[in-house]
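Enquirer: The amino acid sequence is not available; the structure is as follows:
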């Protein structure tokens with residue numbers, strides 16, 4: 001496992017255009033769509049299950065059956081910020097994120113399943129063979145949100161570590177805190 005808690009934030013705030021529901025891509029047919037409603041989350045079940053079966057980073061804590069009830073019952077005041085990435089009509093990634101508060105009560109993105117009745121081995125879900133495209137799209141989404149990304153309870157082989165590396169190359173700073 002990685003350290004108990006990781007937070008990555010922009011070292012210098014840049015002016016960026018407001019994020020839209022669909023985050024475009026230079027890769028042609030790669031499309032990322034933000035999902036911020038419980039009913040749209042519910043609609044993802046079969047695509048989620050199919051994607052997880054084709055992923056190297058599958059775990060019980062990444063299943064729709066675990067995270068949807070977690071969201072429904074334990075989300076508190078956080079806001080849903082799932083990201084679904086497709087190549088054509090085929091899902092290649094899901095980033096199960098939420099908008100919540102972090103250090104000093106500042107807004108941040110973190111993984112569904114974090115906190116009360118927390119989960120282990122949280123991660124982004126990527127289709128085998130499409131990891132680079134998926135992580136690129138997730139990186140663009142995180143950057144467009146203009147807030148910190150907090151990652152806890154990751155496995156040492158987490159695909160989300162690839163997002164962290166990409167963000168660091170863009171000048172984001174990683175801060176590791178004891179106890180998350």
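Expert: Looks like it arrived, so ask away. Computed from a prediction, not measured in an experiment: that's the story for all the values here.
Enquirer: Now for residue 41, how many residues are close by?
Expert: Applying other C-beta atoms under 10 Å, we find 21 residues neighbouring residue 41. (C-beta placed from N, C-alpha, C; glycine too.)
Enquirer: elements contacting the biggest helix by length in the chain?
Expert: Assignment by DSSP state H gives helix 131-145 as the longest helix of the chain. On a contact count with 3 or more C-beta pairs under 8 Å, 6 or more residues apart in numbering; DSSP states H and E, helix 131-145 meets strand 22-23, strand 30-35, strand 82-87, strand 90-95, helix 160-169.
Enquirer: can you redo those as a markdown table with mean pLDDT, mean neighbour count and distance to residue 70?
Expert: Shown next, in a markdown table, are the helices and strands packed on helix 131-145 (pLDDT from 0 to 100; neighbours: other C-beta atoms under 10 Å; distance: least, C-beta to C-beta, whole Å):
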| stretch | mean pLDDT | mean neighbour count | distance to residue 70 |
| --- | --- | --- | --- |
| strand 22-23 | 42 | 16 | 25 |
| strand 30-35 | 95 | 20 | 15 |
| strand 82-87 | 96 | 22 | 13 |
| strand 90-95 | 96 | 24 | 14 |
| helix 160-169 | 93 | 18 | 17 |
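Enquirer: circling back to that earlier point, which is the succeeding secondary structure element to the longest helix of the chain?
Expert: Sequence order places strand 148-152 as the next helix or strand after helix 131-145, per DSSP states H and E.
Enquirer: for that next one, packing partners?
Expert: strand 5-10, strand 107-111, helix 160-169.
Enquirer: In JSON lines, list these along with distance to residue 38.
Expert: Formatted as JSON lines, the helices and strands packed on strand 148-152 follow (distance: least, C-beta to C-beta, whole Å):
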{"stretch": "strand 5-10", "distance to residue 38": "26"}
{"stretch": "strand 107-111", "distance to residue 38": "17"}
{"stretch": "helix 160-169", "distance to residue 38": "23"}
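Enquirer: Between those, which one is closest to residue 39.
Expert: Ranking the helices and strands packed on strand 148-152 by proximity to residue 39 (C-beta to C-beta) places strand 107-111 first, at 20.9 Å.
Enquirer: Give me the residues contacting the closest one.
Expert: 7, 9, 81, 96-102, 122-123, 142, 145, 147-153, 160 (C-beta atoms under 8 Å, 6 or more residues apart in numbering).
Enquirer: Ok, stretch 70-81 next?
Expert: 34-38, 41, 97-100, 109, 112-113, 115-117, 119, 145.
Enquirer: And the buried ones among those residues, selectable in ChimeraX?
Expert: For the buried members of the contacts of stretch 70-81, the matching ChimeraX selection, counting by 16 or more other C-beta atoms under 10 Å, is:
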select :34,35,41,97,98,99,100,109,112,113,115,119,145
